[in-house]
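>>> when you get a sec, could you give me coordinates for this:
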Amino acid sequence: MLQLFVSLIPRKTFPWWMLATFLLAGCAPFAPQPSPSFPTALPQPTFTSLPTLTPLPAFTATPTASPLGCPERRGKIERRQVDSPLIGKPIAVRVYLPPCYPGSPETRYPLLILLHGQSFNEDQWERLGVAETADRLIVAGQTPPFIIAMPREEYYLLDNTESKFGQAIADELAPWLEREYATCTLRACRAIGGISRGAAWAVRIGFIRWELFGAIGTHSLPPFRGDPNNLPRWLEKIPPDQRPRLWLDTGDRDIYLSATQQFVALLEKYKLPHEWHLNTGAHNEEYWSAHVEEYLRWYAADW
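The predicted structure follows:
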C-alpha cells in the first residue's frame with residue numbers, strides 16, 4: 001500500500017524529506033549488498049554517446065593508381081555464425097574483408113580478432129569505425145590488406161573460470177576462420193585484441209594459446225582475477241623468442257586505470273617487452289573510437 005501511495009506522488013513537487021522523517025522511526029537500517037568482484041559483473045561505467053564520426057575523405061586516385069591494383073576502395077562485413085559445442089549455441093561473428101578480397105588464389109591475409117567489451121556485442125568495433133578506418137589505411141597502402149573477425153561473447157557476465165569463451169575462440173573460431181577465409185596460418189600474421197573485458201580475454205587467450213597469436217592488444221584493460229598471478233607460469237611455457245608483441249593503453253580517467261598500471265608494472269618486473277600508452281580519456285566509446293586508427297596501425301606493423 002505504501003508503494004502505491006509513493007508511486008502516485010509527483011516526484012518534482014512532493015517534499016520527500018517529510019516522508020522520510022515520518023517513516024524513519026519504523027524503518028530498519030539499510031544494509032547494502034556487496035558488489036560482485038570482477039569479472040562476474042564489472043562495475044558499470046557511464047558510457048557517453050559515441051561522437052559523430054568525421055566522414056572519411058573521398059579517395060581521388062584513379063583505379064589504376066590504387067596500391068591494391070583494383071578499383072575497390074571499400075571492404076565489406078559479413079555476418080556469420082560458428083557452431084560451438086563448447087558454448088552450447090552458435091557464436092555470432094562479423095568478419096571484415098578488405099577491398100579486393102579474395103585476390104589471387106595463393107593470397108593469404110593477416111588475421112585480427114577483436115573482442116568487444118562487457119555489456120556490448122559483436123557490433124561494437126564496427127560502430128567505433130574499425131571498417132572505415134581499415135579501408136582507408138589499406139587503400140592508401142599504409143597497411144597490407146587484412147581480415148578482422150569480431151565475435152560475440154554471449155554470456156559476458158559469467159566468471160572467466162566458468163566461461164568457455166576463451167577456449168571457443170582458440171579451438172572453434174580460429175580453425176573455422178582458416179577454413180572459411182584465406183587467412184594466414186602463421187602466428188606472426190595473426191593478432192588478438194579487445195576492449196575492457198575483451199582486453200582481459202585477449203591477455204588470457206594470447207598467453208595461454210601463444211602458438212596462435214603473435215601480438216596481443218589491450219585497450220582499457222582490467223585483468224581477470226588471478227591472471228596477474230598466472231603470468232609467470234604462462235611465460236615459462238613460451239620460448240623467449242616466441243613471446244608475443246604487447247600493447248596496452250587506457251585513459252587517465254579510466255575506472256580501471258590502477259588495475260592496468262599494476263599489470264604494466266608486472267610486465268616490467270618480468271622484463272616482457274611492451275608498449276604502454278596513457279592517454280586523455282575515460283572508459284567509454286568516445287575514448288576507444290578516437291584511437292581505432294592507432295590500434296590498427298600497431299596490429300599491422302609487422303605484417
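>>> Val95 against Pro151, yeah?
No. Judged on CB atoms under 8 Å, Val95 makes no contact with Pro151 at a distance of 9.5 Å. Any C-beta I mention is one placed from the backbone N, CA and C, and that applies to glycine too.
>>> what is in contact with those two at once?
Among the neighbours of Val95, none is also in contact with Pro151 (CB atoms under 8 Å, 6 or more residues apart in numbering).
>>> which one's more surrounded, the two?
Pro151 (26 against 22; other CB atoms under 10 Å).
>>> which stretches in the chain count as helices?
With DSSP state H as the criterion, the chain has helices at 2-7, 16-24, 124-127, 130-139, 165-168, 174-180, 197-208, 227-236, 257-269, 285-290, 292-299.
>>> which residues are in contact with Arg209?
Arg209 makes contacts with Ala170, as judged by CB under 8 Å, 6+ apart.
>>> can you tell me how far it is from Ala301?
Distance, Arg209 to Ala301, using CB to CB, to the nearest Å: 22 Å.
>>> kindly report the same for Gly214.
Taking CB to CB, one finds Gly214 at 11 Å from Ala301.
>>> and those two? which has more neighbours close in?
Gly214 (21 against 12).
>>> pLDDT wise, what is the more buried one at?
Gly214 carries a pLDDT value of 97.
>>> now the spatially most central residue of the chain. Nearest residue, chain neighbours left out?
Centroid-nearest residue in the chain: Gly194, 2.3 Å away (criterion: CA atoms, centre = their mean). Take Gly194 and drop its neighbours on the chain: the residue closest to it by CB to CB, 6 or more residues apart in numbering is Leu115, 3.3 Å away.
>>> could you pull out the strands for the protein?
76-82, 91-97, 111-115, 147-151, 190-195, 215-219, 245-251, 275-279 (DSSP state E).
>>> any chance of JSON lines for those, columns distance to Leu128?
Listed next are the strands of the chain as JSON lines, based on distance: least, CB to CB, whole Å:
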{"stretch": "strand 76-82", "distance to Leu128": "13"}
{"stretch": "strand 91-97", "distance to Leu128": "12"}
{"stretch": "strand 111-115", "distance to Leu128": "10"}
{"stretch": "strand 147-151", "distance to Leu128": "10"}
{"stretch": "strand 190-195", "distance to Leu128": "8"}
{"stretch": "strand 215-219", "distance to Leu128": "10"}
{"stretch": "strand 245-251", "distance to Leu128": "14"}
{"stretch": "strand 275-279", "distance to Leu128": "15"}
